[in-house]
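Student: just a sequence and a predicted model for now, questions to come.
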Amino acid sequence: MKKATEGKRVTNDVTVQLFNHTSTSISGTAESLRKSLQELEADLKKDEEGRKEYETYLKQLEIRKADLQRKIKENKTWLEEFEANQGDGSFEQQYRRLLEQIETIYSGAKEFHGKGIDLLIKEFGYHIAFKRWNDTFTAIPFKPK
């Protein structure tokens, strides 16, 4: 005896067509998901590189910030010391005294320079405005101010 199910087709053309359509849709979806995954992985890789670059830049900024804070601290310390020395030994007082000493020294130099020119005129016949043809002495006229 033959079995009733033997030889009888379980699927028909419509179910085969639906199966093909479904399998094509599933493979298209899988391929689309695979491409999306590749794009996401590429984006993640770029984001990781960007994060590393950002961290490097952030470290450089932190180093610069630490240097600037150190300089600010040093400058504050210097300013406090400068302000603390506003008495007789202050920097400005010392500078003014130095200027006065330089002025005294320079005034003396101008006086002796004038005496030296007078000596050149008397002893060597030096003329300030021009050089004569028979002068053996040469110099450039200069008068300190």
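Tutor: Done, it's in.
Student: low pLDDT regions in the protein?
Tutor: For the chain, applying pLDDT under 70 flags the ranges 1-6, 85-89, 129-133, 135-145.
Student: check it for its longest helix and report it.
Tutor: helix 13-84 (DSSP state H).
Student: identify each buried residue in the next helix or strand after that one, please.
Tutor: Counting by DSSP states H and E, the element after helix 13-84 in chain order, helix or strand, is helix 91-124. Neighbour counts over helix 91-124 (16 or more other CB atoms under 10 Å) mark Ile117 as buried. Quick note: C-beta positions are derived from backbone N, CA and C, even for glycine.
Student: from here on, call the first residue 314.
Tutor: Got it, first residue is 314 now, which makes that one helix 404-437.
Student: please report the distance of the residue sitting nearest the centre point of the chain from Lys386.
Tutor: Compute the mean C-alpha point of the chain, and by CA atoms, centre = their mean the closest residue is Arg377, 8.9 Å away. Per CB to CB, to the nearest Å, Arg377 is found 15 Å from Lys386.
Student: with that, I have no additional questions.
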